[in-house]
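*Asks:* what's the 3D shape of this:
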Amino acid sequence: MTVPEPFTTPDPQAVADSRIMDFARHVGMAGSDYAALHRWSVTDLEGFWGAVWEYFDIDADTPFERVLAEERMPGARWFPGATLNYAHHALRTLADDAVAVIALDETGSHYEVTAKSLRAQVASVAATLRDLGVGQGDRVVGYLPNTPHAIVAFLAAASLGAVWSVCGQDYAPRAAADRFAQLEPTVLVAADGYLFDHTRHDRRDATLELAGALPTLKATLLVDHLGLPFASQAYPSVTVPWEDAATRTEELTCTPVPFDHPLWVVFSSGTTGLPKGIVHGHGGVLLEHLKTLGLHCDLGPGDRLLWYTTTHWMMWNLVASALLTGATTCTYDGSPAPLTTPGVLWELAARHRVTVFGTSPQYLLGMAKFGIEPAVHDLSSIRVIGCTGSALPASAYPWVRDHVGDGVLLASISGGTDVVSGFAGSAPNTPIWAGELSAPHLGVALAAYDVEGFPVVDQVGELVVTRPMPSMPLRFWNDPDGTRYRDAYFSTYPGVWRHGDWITVTGHGSVIVHGRSDSTLNRNGVRLGSADVHDVVERLPEITEALVIGAEEPDGGYWMPLFVVLAAGVNLDGPLREKIKEAIRAGASPRHVPDEIIEVPGIPHTRTGKKLEVPVKRLLQGVPADQVVNPAAVDSPDLIDHYARLAVERRGRWT
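*Replies:* Alright, predicted model coming up:
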């Protein structure tokens with residue numbers, strides 16, 4: 001088969017100057033291309049990850065006995081014997097007067113946090129947490145927007161060996177409590193509110209409600225972000241103003257912990273019930289993020305990262321981890337495209353000389369659709385545009401070239417909260433094919449499997465990883481025997497990680513992502529849970545049952561309809577549609593509001609009562625009904641025909 005011409009090929013001088021080629025020289029593969037480097041990285045896991053440890057000068061308090069003591073999935077044992085601390089590595093690199101964090105918001109205002117100030121704030125908050133009873137293994141949770149406060153609180157908790165988790169304030173208190181209550185946290189860190197689309201959202205009452213839903217709290221740290229005064233006497237536990245917590249004069253110390261000591265808990269989207277708490281370790285995150293950010297994104301001292309994210313999306317974790325490389329990281333509070341200033345992120349990227357700009361396919365497609373012209377700003381500092389959250393269609397590539405810059409590396413990335421990193425993407429030394437991810441990431445033994453469990457090339461299959469990665473979860477929270485963890489990833493192909501994406505591995509080594517093979521929603525690059533929507537809507541007296549689906553469209557867009565079964569005598573008129581949308585905004589988040597609300601005669605279920613979310617999604621994407629579900633397994637088989645007809649009507653609109 002003829003290899004298609006790449007959309008772009010890397011500049012030879014840029015390749016020679018890149019960190020990934022410096023790494024190749026470090027391991028004695030100076031003349032090798034990316035494919036050879038990748039083959040070595042997955043055939044010699046010990047050699048590769050040992051080289052990453054050495055290249056990035058990991059500072060362990062006690063040495064490791066070997067790189068990979070047990071190679072199995074799940075249960076691989078990485079770097080046994082080593083003790084270290086993530087926070088130490090995040091705070092060790094920058095000179096005191098260097099800018100560590102730039103706080104941005106949608107109004108265009110900003111402030112800078114130097115490395116000296118960041119270390120001082122982390123030391124102060126860590127001492128405050130310690131005084132409040134937080135110790136190694138205790139949980140600290142944040143109900144926070146994407147501001148420097150979240151990074152400081154996270155690093156303070158990590159420095160103590162405590163476990164961190166964070167959720168954005170656009171989540172309703174109940175949705176946040178569904179996550180945090182599982183962890184039985186000791187301390188909550190919460191802000192008075194956040195900005196979005198030129199609106200100041202007051203979250204003081206929401207914070208109070210959330211604190212009341214967490215009975216294990218000893219204290220709440222109250223962040224004055226919008227300048228709204230807290231009524232501290234109403235709280236069920238001790239309250240400490242952030243200003244008091246973060247301005248003490250303290251010495252920074254980081255507690256050495258084992259390589260696999262829990263660092264944070266990130267949560268699944270909660271598609272089928274309570275969100276799953278996914279536990280990652282200090283060492284695995286440290287190495288994986290240094291590899292991803294340092295080698296694939298080419299981040300290092302002097303660079304600046306601006307990646308639009310919320311705090312509950314895994315990209316926030318990578319935003320914080322930019323500090324590991326010695327780069328400056330930018331936080332951003334607000335809408336990615338405010339109604340009156342939709343191009344504000346490009347303006348900020350130009351003003352602050354951002355070198356790596358991260359976003360989602362929906363953002364780039366929206367910029368093109370509404371005629372936003374990024375190039376009116378001086379974007380010459382941008383080397384890389386990272387794009388993740390869903391598949392980036394081929395049509396976006398020429399737009400980025402023509403409207404951002406023809407020398408920019410457009411890096412489409414596919415990964416997951418599950419490994420808090422990427423499976424496939426690009427690097428400074430890979431060609432770029434429009435609509436494709438250039439290659440699997442280093443250290444990722446990626447393949448596409450057919451239903452029989454055999455690898456296929458140039459055919460659609462399930463994304464699998466056949467050898468362990470250091471950032472694979474340590475476990476799920478409250479899963480003592482590992483049953484839920486094994487069921488989530490290893491029940492389809494025993495001993496092989498099945499991720500839940502449909503992909504094609506091409507004959508020229510690239511990866512094409514066709515969308516999720518499960519029912520997780522993915523709105524504007526942020527993964528959402530259908531259960532959050534169902535829970536809110538089905539509480540309305542007018543609604544008998546609901547089903548929300550997210551479907552990738554052929555043009556690269558994303559359609560998220562909500563199907564509703566109405567109570568007897570109810571009509572789906574304009575006021576009811578608005579009532580449903582407002583309930584979702586208040587009870588889940590604005591991102592959960594569907595594109596359309598459609599009345600249906602019923603919701604199909606399995607015989608055991610589970611909604612058929614994945615089959616309906618596949619119907620909407622054009623898969624024939626007889627390939628979607630066995631009618632004998634459905635409680636009301638005639639409903640499948642109804643959704644198939646809806647799918648035909650929808651495809652008529654697409655074409």
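*Asks:* going forward, measure contacts between C-alpha atoms and count neighbours the same way
*Replies:* Will do.
*Asks:* Distance check, E65 against R467.
*Replies:* For E65, the distance to R467 under the criterion Cα to Cα, to the nearest Å works out to 20 Å.
*Asks:* cool, and V52?
*Replies:* When distance is defined by Cα to Cα, V52 is 17 Å away from R467.
*Asks:* Tell me where the stretch 1-150 of the chain is predicted with low confidence.
*Replies:* Judged by pLDDT under 70, the stretch 1-150 of the chain has its weakly predicted residues at 1.
*Asks:* now with 80?
*Replies:* Along the stretch 1-150 of the chain, segments meeting pLDDT under 80 span 1-2.
*Asks:* Could you pull out the helices in it for me?
*Replies:* In the stretch 1-150 of the chain, the helices defined using DSSP state H, counting those that start in this stretch lie at 12-17, 19-26, 34-43, 45-55, 86-91, 115-131, 148-159.
*Asks:* what would the ones you listed look like in JSON lines with distance to P173 and mean neighbour count?
*Replies:* Output for the helices of the stretch 1-150 of the chain, formatted as JSON lines (distance: least, Cα to Cα, whole Å; neighbours: other Cα atoms under 10 Å):
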{"stretch": "helix 12-17", "distance to P173": "47", "mean neighbour count": "12"}
{"stretch": "helix 19-26", "distance to P173": "43", "mean neighbour count": "18"}
{"stretch": "helix 34-43", "distance to P173": "43", "mean neighbour count": "17"}
{"stretch": "helix 45-55", "distance to P173": "40", "mean neighbour count": "18"}
{"stretch": "helix 86-91", "distance to P173": "29", "mean neighbour count": "23"}
{"stretch": "helix 115-131", "distance to P173": "23", "mean neighbour count": "23"}
{"stretch": "helix 148-159", "distance to P173": "18", "mean neighbour count": "26"}
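*Asks:* mind putting those helices in TSV, distance to Y171 included?
*Replies:* What follows is the helices of the stretch 1-150 of the chain, written out as TSV (distance: least, Cα to Cα, whole Å):
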stretch	distance to Y171
helix 12-17	42
helix 19-26	38
helix 34-43	39
helix 45-55	37
helix 86-91	27
helix 115-131	25
helix 148-159	16
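*Asks:* right, and those helices - which one's nearest S426?
*Replies:* Distances from S426 to each of the helices of the stretch 1-150 of the chain were compared using Cα to Cα; the minimum, 9.7 Å, belongs to helix 34-43.
*Asks:* Who are the packing partners of that closest one?
*Replies:* Judged by 3 or more Cα pairs under 8 Å, 6 or more residues apart in numbering; DSSP states H and E, the packing partners of helix 34-43 are helix 45-55.
*Asks:* list the helices and strands the helix it packs on packs on?
*Replies:* Using 3+ Cα pairs under 8 Å, 6+ apart as the contact criterion, the secondary-structure elements in contact with helix 45-55 are helix 34-43, helix 282-289.
*Asks:* that older thread, looking at E65 and R467 now, which is surrounded by more residues?
*Replies:* Neighbours per residue, other Cα atoms under 10 Å: of E65 and R467, the larger number sits with R467, 20 against 12.
*Asks:* Tell me how far R577 lies from P594.
*Replies:* From R577 across to P594, the span is 10 Å (Cα to Cα).
*Asks:* Between these two, point out the one with more neighbours.
*Replies:* P594 (20 against 15).
*Asks:* which residues touch that one?
*Replies:* Residues touching P594, when contacts are defined by Cα atoms under 8 Å, 6 or more residues apart in numbering, comprise 548, 560-562, 581.
*Asks:* between the residues you listed, which is nearest H289?
*Replies:* Using Cα to Cα as the measure, the one of those that approaches H289 most closely is M560, at 31.7 Å.
*Asks:* Would you map the strands across the stretch 51-200 of the chain?
*Replies:* Shown for the stretch 51-200 of the chain, the strands assigned by DSSP state E, counting those that start in this stretch span residues 68-70, 77-78, 83-84, 99-105, 110-114, 139-143, 163-167, 187-191, 193-196, 199-202.
*Asks:* With the stretch 551-655 of the chain instead?
*Replies:* In order along the chain, the stretch 551-655 of the chain carries the following strands (DSSP E, counting those that start in this stretch): 551-552, 558-559, 561-566, 596-599.
*Asks:* quick one: strands adjacent to the second one?
*Replies:* Each strand that strand 558-559 pairs with, and the sense of that pairing, follows from DSSP bridges: strand 551-552 (antiparallel).
*Asks:* average model confidence for the strand it pairs with?
*Replies:* Mean pLDDT, taken over the full extent of strand 551-552, equals 82.
*Asks:* List of residues touching that strand?
*Replies:* With Cα under 8 Å, 6+ apart as the test, strand 551-552 has contacts from 515, 558-560, 617, 620-621.
*Asks:* Mind putting those into CSV with distance to F23, neighbour count and pLDDT?
*Replies:* Below are the contacts of strand 551-552 laid out as CSV (distance: Cα to Cα, whole Å; neighbours: other Cα atoms under 10 Å; pLDDT from 0 to 100):
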residue, distance to F23, neighbour count, pLDDT
G515, 33, 16, 68
Y558, 38, 19, 86
W559, 42, 18, 89
M560, 43, 20, 92
K617, 43, 24, 88
L620, 45, 25, 85
Q621, 42, 19, 83
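*Asks:* hmm, back to that, in JSON lines: the strands of the stretch 51-200 of the chain, plus mean neighbour count and distance to L155.
*Replies:* Putting the strands of the stretch 51-200 of the chain into JSON lines (neighbours: other Cα atoms under 10 Å; distance: least, Cα to Cα, whole Å) gives the following:
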{"stretch": "strand 68-70", "mean neighbour count": "16", "distance to L155": "27"}
{"stretch": "strand 77-78", "mean neighbour count": "22", "distance to L155": "23"}
{"stretch": "strand 83-84", "mean neighbour count": "22", "distance to L155": "14"}
{"stretch": "strand 99-105", "mean neighbour count": "23", "distance to L155": "13"}
{"stretch": "strand 110-114", "mean neighbour count": "16", "distance to L155": "14"}
{"stretch": "strand 139-143", "mean neighbour count": "28", "distance to L155": "11"}
{"stretch": "strand 163-167", "mean neighbour count": "27", "distance to L155": "9"}
{"stretch": "strand 187-191", "mean neighbour count": "27", "distance to L155": "13"}
{"stretch": "strand 193-196", "mean neighbour count": "21", "distance to L155": "21"}
{"stretch": "strand 199-202", "mean neighbour count": "14", "distance to L155": "26"}
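*Asks:* could the ones you listed go into CSV alongside distance to W242?
*Replies:* CSV is the format used below for the strands of the stretch 51-200 of the chain (distance: least, Cα to Cα, whole Å):
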stretch, distance to W242
strand 68-70, 42
strand 77-78, 37
strand 83-84, 28
strand 99-105, 17
strand 110-114, 16
strand 139-143, 13
strand 163-167, 16
strand 187-191, 9
strand 193-196, 14
strand 199-202, 17
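*Asks:* out of those strands, which comes closest to L646?
*Replies:* Set against L646 and scored by Cα to Cα, those come closest in strand 193-196, at 34.3 Å.
*Asks:* In its sheet, which strands sit next to the closest one, and in what direction?
*Replies:* Strands adjacent to strand 193-196 in the sheet, as given by DSSP bridges, are strand 199-202 (antiparallel).
*Asks:* Quick one: mean pLDDT for the strand it pairs with?
*Replies:* The predicted confidence, averaged over strand 199-202, sits at 96.
*Asks:* gap between that strand and the chain center?
*Replies:* On the basis of Cα atoms, centre = their mean, to the nearest Å, the separation between the geometric centre of strand 199-202 and that of its chain is 24 Å.
*Asks:* ok, and what's touching that strand?
*Replies:* Surrounding strand 199-202, the residues in contact under the criterion Cα under 8 Å, 6+ apart are 192-195, 226, 228.
*Asks:* Throw these into TSV and include distance to V457 and pLDDT, thanks.
*Replies:* What follows is the contacts of strand 199-202, written out as TSV (distance: Cα to Cα, whole Å; pLDDT from 0 to 100):
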residue	distance to V457	pLDDT
D192	52	98
G193	49	98
Y194	46	98
L195	46	97
L226	53	97
L228	57	96
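*Asks:* Looking at those residues, which two lie furthest apart in space?
*Replies:* Across those, the longest distance by Cα to Cα is 12.8 Å; it joins L195 and L228.
*Asks:* Looking at the contacts of P594, spot the one nearest L94.
*Replies:* In terms of Cα to Cα, no member of the contacts of P594 lies closer to L94 than M560, at 43.4 Å.
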